[in-house]
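Novice: From the sequence below, what's the structure:
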Amino acid sequence: MTATVRKLAATEVEIDIEVEASDFEAARERAFRKLVKQYRLPGFRPGRVPRAIFERHIGAEAIEHQAVEDVVPDAYSRALKEHNLDPVDRPHIDLERLDGGKALRIKATVSVRPDIALGEYRGVALEKPAVAVSDDEVERSLQALRKRAAALEPVGDRGLEQGDVVTLDYVGTIDGEPFEGGTAESHTTEVTTERFVPGFAEQLYGARAGEQRTIEVTFPPGYHATQLAGKHASFAVTVHDVRVPVLPDLDDAFVKQVSDRESVAALREDVHKRLVAVAEANARETMQRQLVATLLERHSFDLPSVLVEREVEGLLADAKSYMSRIGRPWSEYLAAKGVDEKGLSDEYRVEAQRRVKTALLLEEIARSEGIDVTTADLESELDHLAASYGRSREALIDVVRKNTGFGPLIGSVRKQKTIEFLMQQAHVENGPEQAGQK
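Specialist: A predicted model of the protein is given here:
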């Protein structure tokens, strides 16, 4: 067998494989030996039928077909190994008979991983955000505990005020059309200006149970849902119930009721430690994003289009799944974004390219550094996921096997190990307020 490779594009090659007549005949003989065990012919014991008789009764085509089925994947696999190619998709195969049908030519066109020339990836400079936790933050957390334990009592003979808890229905429209996230039934929430679009809470003040109101608001230019930013919306609101929270006293009895601590001081210290832990975790995530962004800036290489399109399809599928879960039509999502599905795909492509580039780069670094996933790594991740989903490890393993298989999970663990390695190699400097950490 001889194999040559022709580069069609930066991430696409054509592999030309010639299986010589002698090798192909040997494959035919192996195919015959495999097939003859599956057939029974009168007068012959199983597996003892001469080839000529087998071909006369069953057909030479069966042997030829089996030989091709055996030869093609084997020759393709050997060619990949010989030329150190790493495909990212299934190949397109064309076959051609040579030497009067005695030999075989295999032409395989396939997308491959790009050649990545690794630049400097160790010692990336990172700035750690401040993780100081103020006394005010601790107090806000304690107040939140009190609010969660609060008793809700009728407001009596007055209208809704700031801090009351209201149950309401609302239907939001823009230019007369509903939009994603703009509709809810029996929604219960505390009424504060921070919880609503500017102007919404103020127009609710004074409302009583059973009252209907129309509320007009304009979403801020920097609104997190970019498709709504700067747009005027109208909400038809029906108020069902208005109650006022009565907070319990912050004393030792309350502390024992809501925690395993014995005193207010102990709870306050515990809350402080938890807030610091959260701030540390958030700071680490921020630094990881800094790390990846820096590495992407330092490296430039072509991306296999098949991987990018696959990622775009995944993002579309996630969006469609979200709309299905909230019971809204897909057309509503497209209308809110102001695009058709092709336009949405184009929007997603930028993020898809970033994800694919990140994955390929981290995989190349892992390969360069010999970062592998051990059995212990995989078991630890399975235990973590099982605890997160409230399942046993065995049940989770069964789900993984039936759905994606272990490939994506192993890839995810390797990616995280690579990021952890790079974080250990990075040069971290504290942010401006870090010195003030309590």
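
Novice: so how far is residue 243 from residue 167?
Specialist: Using C-beta to C-beta, to the nearest Å, one obtains 8 Å as the distance from residue 167 to residue 243. Placement of C-beta: from N, CA and C, glycine included.

Novice: what does residue 135 give?
Specialist: Here residue 135 is placed at a distance of 30 Å from residue 243 (C-beta to C-beta).

Novice: The two: which has the busier surroundings?
Specialist: Taking other C-beta atoms under 10 Å, residue 135 and residue 243 do not tie; residue 243 has more neighbours (18 against 10).

Novice: how about the nearest residue to the more buried one, chain neighbours excluded?
Specialist: Leaving aside its sequence neighbours, residue 243 sits nearest to residue 152 (C-beta to C-beta, 6 or more residues apart in numbering; 4.0 Å).

Novice: For the chain, which segments count as strands?
Specialist: With strands called from DSSP state E, the chain shows them at 2-9, 12-19, 92-98, 103-111, 125-128, 151-154, 165-174, 177-190, 212-218, 232-246, 427-430.

Novice: Quick one: those as TSV, columns for distance to residue 43 and mean pLDDT too.
Specialist: TSV is the format used below for these (distance: least, C-beta to C-beta, whole Å; pLDDT from 0 to 100):
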stretch	distance to residue 43	mean pLDDT
strand 2-9	43	94
strand 12-19	35	96
strand 92-98	34	94
strand 103-111	34	95
strand 125-128	79	94
strand 151-154	91	91
strand 165-174	82	94
strand 177-190	74	89
strand 212-218	90	95
strand 232-246	86	94
strand 427-430	81	89
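
Novice: Columns distance to residue 75 on top of those strands, output as CSV?
Specialist: Output for these, formatted as CSV (distance: least, C-beta to C-beta, whole Å):
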stretch, distance to residue 75
strand 2-9, 7
strand 12-19, 5
strand 92-98, 10
strand 103-111, 6
strand 125-128, 48
strand 151-154, 73
strand 165-174, 60
strand 177-190, 52
strand 212-218, 66
strand 232-246, 63
strand 427-430, 49
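
Novice: of those, which approaches residue 335 most closely?
Specialist: Taking C-beta to C-beta as the criterion, residue 335 comes closest to strand 177-190 out of these, the separation being 6.4 Å.

Novice: What are the buried residues along that closest one?
Specialist: By 16 or more other C-beta atoms under 10 Å, the buried positions in strand 177-190 come out as 178-180, 182-183.

Novice: Export the residues you listed as a markdown table, with columns for distance to residue 144.
Specialist: Formatted as a markdown table, the entries for those read as follows, by distance: C-beta to C-beta, whole Å:
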| residue | distance to residue 144 |
| --- | --- |
| 178 | 32 |
| 179 | 30 |
| 180 | 28 |
| 182 | 27 |
| 183 | 28 |
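
Novice: Name the nearest of the residues you listed relative to residue 67.
Specialist: Nearest to residue 67 out of these is residue 180 (C-beta to C-beta; 56.5 Å).

Novice: which non-adjacent residue is nearest that closest one?
Specialist: residue 336 (4.6 Å).

Novice: ok, now which ones touch the one you found?
Specialist: Shown in contact with residue 336 (C-beta atoms under 8 Å, 6 or more residues apart in numbering): 179-180, 227-228.

Novice: Then residue 358?
Specialist: 292, 296.

Novice: again with residue 74
Specialist: Contacts of residue 74 were listed using C-beta under 8 Å, 6+ apart, and none were found.

Novice: Report how many residues lie close to the closest residue to residue 145 other than its chain neighbours.
Specialist: In this structure, residue 145 finds its nearest non-sequential neighbour in residue 258, 5.7 Å apart by C-beta to C-beta, 6+ apart. Neighbour count of residue 258, defined by other C-beta under 10 Å: 14.

Novice: With the one 3 residues further on instead?
Specialist: Residue crowding around residue 261 was assessed by other C-beta under 10 Å; the count is 16.

Novice: Quick check, it in contact with residue 267.
Specialist: Yes: counting by C-beta atoms under 8 Å, residue 261 sits close enough to residue 267 to count as a contact (4.5 Å).

Novice: which neighbours do the two share?
Specialist: Between them, residue 261 and residue 267 share the neighbouring residues residue 255, with contact defined by C-beta under 8 Å, 6+ apart.
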